[in-house]
Every structure is written in structure tokens, then in C-alpha cells.
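Visitor: A structural model of the following input is requested.
(one chain, ligands or ions: 1)
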Amino acid sequence: MELFVVNRAETEQNQNDENEEQAMLDKVLKKIERNKKIRTKQKEKEHKRKAAKLKTIESRQIKRDLKAKIVPVPENKDDDFIDKSVEGFKEDTKGGELDQPSVSKSLNVDPKQLGFTILGADNVASKSKVKRVLPNWLANPTVISMNLQNLETKVSDVKLLDKGLRKLLKANGIQYFFPVQATVIPHLLETLRTNDFLFPMDICVSAPTGSGKTLAFVLPVIQALKRHTLKKIRALVILPTQDLALQVYKTFKNYAQNTDLDVCLITGNHPFKVEQTQLLYKNKCFGYVSKVDILVCTAGRLVDHLKLTEGLDLQYLEYLVIDEADRVLDNVQNDWLYHLEKHMSQGENPPYSGRILNLLTLQKRRPPQKLLFSATLTQDPEKLQKLSLFQPKLFTTVVEGNEGNAKGADEQQTGTFVGKFTTPKELKEKYIVTTLELKPLCLYKFIEVEDISRCIVFTHSAESAHRLAILLRALFKKKRKIEDISSNLPGKNRPQLIEKFSRGEIDVLVCTDALARGIDLPNVQCVVSYSAPKYLKTYIHRAGRTARAGEEGLAVTMLTKPQIGKFTSMLRQADKTNVEELTIPEEDLEFLGEQYKDSLKELKKIVDKEEKMELDKTLSAKKGKRRKRKINNSGTSAEKDKYSLTELKKMEVDKEGAMKLESTLTAKKGKHKKRKRNNSDSSVNK
Ligand SMILES: Nc1ncnc2c1ncn2[C@@H]1O[C@H](COP(=O)(O)OP(=O)(O)OP(=O)(O)O)[C@@H](O)[C@H]1O
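Guide: Sure, this is the predicted structure:
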């Protein structure tokens, strides 16, 4: 029985195993079947995908063939966006129809109907150039003549101009107005008549260097302000550099001499406190009172005063003049416009929220009239937008072709005129090709051969200006008086040097671009760009230091061979295609070899000496600082007082403070002496 039981159990066990095996087998078979199905599906998909790909490639090929022959944009003669000079744009002279390609014809595809460029084509026709669309006021300016030779407008003919000002002009030798003055002055005087009931329209003036832009704003501003006697800052004139601000200040002073108007200059050339006292004073009854009607300043110094001068009030501003406007607007470091607007919005409700200069018109308050001037005025509407110009008007000169025809005339009629940077007609331009090693010698030879006696040389840095001046001095010996001027020079010395050059006491002035803009120096025969200018604007302003006010002048640029291409293409932007090369034969330079070597040695000697002096100076300054620290830490109070007195005197910052300190010191000394005497007397008595 037991055995039977065991056998039965074994057969049952075997049966179970077989079943399990079968189930497993079924499972595997099912899995294989499923995988097979998936694979065939995938294969089908792959097949379909390949077929589709083949189809797209074929269709693309067809499109490409088609595209290669058709013109993408349908004809529209009035469309400014189509640059008709683009290759492929062929006009049928008979019917004005587009040149229909044969393939498109055969495929029965009309490019006019297509009207779009087919993407992905190999032979893509070059894209048509997108033309700038300017605001109407920029596209349709009032064109000013560039001719300073045949002047037509007599000063006495401009009856709108005040008699006193006309007299002063004559006294200064001005009989006729230059074209920019003849156009802008009457316009501003005319708006002055309507200012009381209409908000004044802002103006932008773009005219060549030396064409008399300064008087175009100085005279109307003086005439407008002298009508009322309210002592408030009513005109703010912003300039990019100290030297230029000083020059404009002098012009204002000159023409405001017979009026009650007070002109003030703030550029940082004087201590801050001194400038503050020039601007205003504090009255016990009325608080802060302005001493100024016309404020001439640099943007940076204006920001300092807006932030720190209590009582400075620009709420009564009638004119905001920005000379060299493109340069001033580029001045982002101090963000003068933001600070000015913030200042002008003081007391506004709601408080400052940006663009106050425009908000004023919305709030029906008279905004200051903005007058922008430059020889290279920006035509970037976005930059001008920053100033929130109110119904602006553009006055500009046009580039004249060789035949004397104004090129811009046609464009002006079509409303696409954008103007170009222009230089005076009297300016001659040349370039000299040389190597870096021979450049100074080349310059020397050029000045000598051309017999140039009044010349400005521009270099890229203060250091190179200084070294070039030393080298030229060594080369010329005493034949020419040469000086260098740069921002490294202390503030007071710069105007002195400029004055000296104006008086003719300096023959060659080597400088950096700090002097490139606006500076009006008489009778400059030639301007040399010793370092090639990087930008067209820089070139135009440098060259503009000569050929001013209708005089003749020469601008020479020194180039190395690799610089020629970039220079000529830069000039092409201003339509200058005939600037000639001026050759200085190398043979002429060869026999100067010994002289050049000696001069270089002298340069090295002087530079070494200067560097040593500079080092000594820094060392003594450090010593001074250490001494100061020592005295502050451990010195007696008498020593401290004496030290701070000398420091104050040195700085000339607070003369009153220095005097007070001096008097307390002498009083202390007196007391000390008295005490000593008393002591000795008492000891004698004893
Ligand atoms: N109507 C005029 N007749 C004679 N000379 C003039 C006249 N107007 C201005 N000038 C003189 O022309 C020179 C150049 O004038 P101004 O400095 O105003 O030129 P600008 O256009 O401002 O030049 P820049 O763009 O370089 O600043 C000055 O010496 C000035 O005295």
C-alpha cells in the first residue's frame, strides 16, 4: 500500500511538472508571437517613413529647381523695402512685369501668385536690403546750404533779432550770417513770438564743423531771456568737455554783456564749494536765491550739483541746449538725463515716473525747448527718443556731389532722406602711407616740406601725445614750438595752452581726441591724424579743427598699409571717394637717419627722467600719508592742528575754514606765551 501510495504520488508529481512545462512553453510561444508582430509593425513603420522621406526629398528638389529661377518678391515700384539694385531683380521695360522664369512657366507657377520666398532652396537669391523707415521729421528735414563763401543774409536784414545783439555782432566783425545761423536764428525767434500760447517745438541741427552753430543758439537764447528779469536758471547748456564748455561760456558772456543776464560755468575746474557759491546764495527771508540765468556745464558736473547742491532749482528752465548732442547723449556713465528729469519732477504729483520732459506738455506746463546741435548728429531715433522731443524739427546740410548737385535732393522729395555726415567744402583731405617705425620721421618731414606752421596732431592716448611731442621737439630743435595737451594735464594748464596756441605762440599742438570736438582755434593750417581714427565721427571732428568759418584747411591721416582698406571704406560712408595719397619718398627720410637716432636717444633720456621723477613723487606722497597717519595716531594736538592747516591750504578747498584754524592757532600760541610769561614772572617773584 505504502509502495502504491508512493507510486501514485510520483505520477501526480510528473503530471504536474508536465503541465507546468507546457504552460511555460505556451507563454514563451505567445511572447515570440507578440515580438514578431511588433517587429513587423516596426518594419512597416520604417518602410512608410523611408517612403515619406523619399517623397519630401523629391518635392524639395522640385521646389529648389523652381526657386532657382523665380524672383521671390512681387513687383511694387513704390515699395521702399525692395532694393532694386539686388541681383536678380530684373524689370521688364515694356510692361513693368517681372522677368518670369521658364521653369516656373513650364510648371505653371506664377511667382506673382507665390509672393513668398521658398525656404530651403540651394540657390537662394540674395535678400533685399531693408531700408530704414524714419519718422517723418527725420526723413523730411529743412536743408541748410553748406556754402560759406557767398553769404546772402545780412545781419542787419534779420529784423527779428534784437538791435543790441546786431550791434555786438558788427562789433565782432560779423556782417553776414552763415547759412545755419540765417535759418535757425529766425526760426527760433519766430517760435519765441508764439511761445506764450503754444508749446515750443524742439529742434535738431546737423551742420558741418566750423559752420557757426554756436551763435545759432547763443543769440536766440539771450534775446529770449533778456525779456524778463526773473533771476532763475532759465537756460541750461550742456557740453561734453570742459574746454568746450569754457568756449561756449565765453561766447554767452560776450553777447550778454549789455544785458542783466548772468552766465555761470560749472565744469569741475573750480572747487565744488566755489561753484556752489557762484550758483546761489541763502537769504534769511527767501531761502535759496539763484544768481544765474544761463548755466553752461558739462554733463558730469551737472549731475554732481543736482545731487549735492541744496537749493539748485531748474523748475524755471526755458531752454535745454545740448551742443555736440550725439556725444552728450552717449554719455551714459553719469546718466545726466535721468538726474535732470528727476530733479525737474520734484514736487510733482504723482512723483517721478520717467520722461518728465514730455510729461510737462501732458500736464499743460511749458516744457523747456530742447535745442540739439552737432556736426554728426545721431539719426538713431531711439537715442533721440530718450529726450522726449516735442514736435521736433530737423535742420541739416546735405552731401554735395562733384558736380555741385545736392545728392540728397531726390531722396528728400521721396521722404527717405536721412542726411550724411558732412565736412566743410573748404577742407582738403589726404593720407600718408608709412610704417610704424618711420611714422614720426614721416610726420616731421611732412611738416617741414609743406612748411606748416600751425598744426594740430591727434594721437590715440595722452602718453603717445606726450612722447610724440618730445620726439618732434628733438627733431625740430628750435625751428618749431611744440607742446602737448591731454586730459593728464592739470585743469588750469589746459586753457592756458589753448590760449597760447590761439595767440600763435605754439606751432604744433599734439593732443588726444579730448580736443577733437567743438574747439575753435583760429587759423589752423593743418590737422594730422597721427593715430588713424577708429570711427567716422572721430575723423570728422578731428578734421573739423581746420577749414573753419569758410577758411581753407588740410586734414592728413597717417596710415600703415593694413589700415588703408578700413580707412577708405570708412570715408565711403560719408561719400568721400576721392581722398588722395600724399607720398613722402623713403629716400628723403634716409639721410635723416642719424638725426632720428639722436632724437630717439633724447626721447629715452627725457622719458626715463620723467619716470624717475614720477616715482619720487609717488614715494613722497606715500611718505606724507604715513606721516599723516602717524600724527593722527600719536601726535600732539598742536601738531595735528598745524598739519591739517597746511593740508587745507594745499587743497584750497575751504579758505574760511583755514583762516579760522589759523586764527585759533595764533590765539592758542598767544595764550601759551602768556602762560609761559606768567610762570616765569611768578618764579622771578618767588
Ligand atoms: N556769421 C559769421 N561770420 C564770420 N564768422 C563767424 C560767423 N559765425 C561764426 N563765426 C566764426 O566761425 C567759427 C566757428 O564757429 P563755431 O565754433 O560756432 O562752429 P561750430 O559749427 O560750432 O563748429 P563745431 O561743430 O566744430 O563745434 C568761430 O570762430 C566763429 O567766431
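
Visitor: check contacts around the closest residue to the ligand within the stretch 1-150 of the chain.
Guide: Nearest residue of the stretch 1-150 of the chain to the ligand: L148, at 8.3 Å (C-beta to the nearest ligand atom). The way it works is simple: take the backbone N, C-alpha and C, and place the C-beta from them, glycine included. Contacts for L148 (C-beta atoms under 8 Å, 6 or more residues apart in numbering) come out as 178-179, 211, 424-426, 549-550.

Visitor: Now do the phi/psi pair for it.
Guide: The phi and psi values for L148, taken as degrees, to the nearest 10, are phi -100, psi 10.

Visitor: Residue numbers of this protein in contact with the ligand?
Guide: 174, 176-178, 181, 209-215, 375, 518, 520, 544, 548-549 (C-beta under 6 Å from any ligand atom).

Visitor: Sketch out the low-pLDDT regions of the stretch 51-200 of the chain for me.
Guide: Applying pLDDT under 70 to the stretch 51-200 of the chain flags the ranges 65-127, 132, 196.

Visitor: What is the neighbour count of D304?
Guide: By other C-beta atoms under 10 Å, the residues close to D304 number 17.

Visitor: what about it, helix or strand, and which?
Guide: Secondary structure from DSSP states H and E places D304 in helix 299-308.

Visitor: Now do the helix or strand following that helix and helix 299-308, the angle between them.
Guide: Under the assignment DSSP H and E, the closest C-terminal helix or strand after helix 299-308 is strand 319-323. Interaxial angle, strand 319-323 versus helix 299-308 (axes from the mean of the first three to the mean of the last three C-alpha atoms, to 10 degrees): 140 degrees.

Visitor: can you give me the offset of strand 319-323 from its chain's centre?
Guide: Averaged C-alpha coordinates place strand 319-323 at 16 Å from its chain's average position (C-alpha atoms, centre = their mean, to the nearest Å).

Visitor: mean confidence score for the helix holding D304?
Guide: Model confidence over helix 299-308, given as mean pLDDT, is 93.

Visitor: Show me the contact partners of that helix.
Guide: Outside helix 299-308, the residues touching it (C-beta under 8 Å, 6+ apart) are 236, 238-240, 266-268, 272, 275-276, 279, 297, 312, 328, 331, 333-336, 339-340, 342-343.

Visitor: For it, buried residues please.
Guide: 299, 301-306 (16 or more other C-beta atoms under 10 Å).

Visitor: how long is stretch 145-162 from one end to the other?
Guide: This stretch, stretch 145-162, spans 24 Å end to end (C-alpha to C-alpha, to the nearest Å).

Visitor: if we can go back for a sec, just the buried residues of the contacts of helix 299-308.
Guide: 236, 238-240, 266-267, 275-276, 279, 297, 312, 328, 331, 334, 336, 339-340, 342-343.

Visitor: Point me to the helix or strand that includes I238.
Guide: Element membership for I238, per DSSP H and E: strand 235-239.

Visitor: what does the following helix or strand past that strand rub up against?
Guide: Of the helices and strands lying after strand 235-239 in sequence (DSSP H and E), the nearest is helix 242-255. Helix 242-255 is contacted from outside by 165, 168, 172, 214-215, 218-219, 221-222, 237, 239, 263, 265, 267-269, 294, 296-298, 323-324, 491, 494-495, 498, 514-515, 517-520, using C-beta under 8 Å, 6+ apart.

Visitor: Recalculate using a threshold of 6 Å.
Guide: Residues outside helix 242-255 that contact it (C-beta atoms under 6 Å, 6 or more residues apart in numbering): 168, 214, 218, 222, 239, 263, 265, 267, 269, 294, 296, 298, 518-519.
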